[in-house]
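# sequence first, then the predicted structure:
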Amino acid sequence: VYSKYKDKLDCFYVAFSGGKDSLVLLDLVKKALPKGSFIVVFGDTGMEFPDTYDIVEKTKRQCAEEEIPFYIAKSHLSPKESWELFGPPSRTLRWCCSVHKSTPQALKLREVTGKNSYTGLAFVGVRAQESAKRSEYEYENFGKKQKGQYNHNSLLEWTSAEVWLYIYSNKVLIN
């Protein structure tokens, strides 16, 4: 994937959530891509559990030690303000991800690349086993989640057992 797009994109990044799948994905990307060729972006919804924020801080320190740029993208709206504006997120009104993850990440990437119309590739840690909807995802797509954005679902066919085996055999942090 890196070889295919390295001369065509403005940036590669790991869309980091602090969960087990994104921790595994980050470890794989660090092993597979050349140093200095990608960044990490944590989409801080403001609604994470304290354990997740602890893992994010540990991962941020690890990235600093390895000279991997680590950014935090956060909405200008607090979760409370969002709930007051839109109501609780639901299956029919799915505002949470766009308001608190994808839009703040896109704005952060504009800032990082210095381009309002950047083209990037996000390595995303979603797995088909997680839901019926995700079981229909493809490994790679363009513009389905974010205009002008490639997504690569590198762990798409991994089972949760494979994720945990990777975590334990590679000493990956556990959230």
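Received the coordinates, thanks.
# where exactly do the strands run in this structure?
Along the chain, counting by DSSP state E, strands occupy 11-16, 39-44, 70-74, 120-123, 140-142, 149-152.
# okay, the ones you listed in JSON lines with mean neighbour count next?
For glycine as for every other residue, the C-beta is placed from the backbone atoms N, C-alpha and C. Formatted as JSON lines, those follow (neighbours: other CB atoms under 10 Å):
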{"stretch": "strand 11-16", "mean neighbour count": "23"}
{"stretch": "strand 39-44", "mean neighbour count": "23"}
{"stretch": "strand 70-74", "mean neighbour count": "18"}
{"stretch": "strand 120-123", "mean neighbour count": "24"}
{"stretch": "strand 140-142", "mean neighbour count": "14"}
{"stretch": "strand 149-152", "mean neighbour count": "22"}
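# which of those strands comes out lowest on mean pLDDT?
For the strands of the chain, mean pLDDT drops lowest on strand 140-142, to a mean of 78.
# parallel or antiparallel, list what pairs with it.
strand 149-152 (antiparallel) (DSSP bridges).
# for the strands of the chain, which one sits closest to Cys97?
Nearest of the strands of the chain to Cys97, taken as CB to CB: strand 39-44 at 8.4 Å.
# ok, that closest one: who's next to it in the sheet?
strand 11-16 (parallel), strand 70-74 (parallel).
# Ile167 against Leu25, yeah?
No - the pair Ile167 / Leu25 is not scored as a contact, 11.5 Å apart, by CB atoms under 8 Å.
# of the two, which one has the most company?
Leu25 (27 against 18; other CB atoms under 10 Å).
# excluding covalently adjacent residues, which one is nearest to Tyr5?
Leu121 (5.7 Å; CB to CB, 6 or more residues apart in numbering).
# got the contact list for that neighbour?
By CB atoms under 8 Å, 6 or more residues apart in numbering, Leu121 lies in contact with 1, 5, 9, 11-13, 149-152.
# now render those residues as TSV, adding distance to Pro34.
Formatted as TSV, these follow (distance: CB to CB, whole Å):
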residue	distance to Pro34
Val1	13
Tyr5	13
Leu9	14
Cys11	14
Phe12	10
Tyr13	14
Gln149	22
Tyr150	18
Asn151	21
His152	16
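# all set, thanks.
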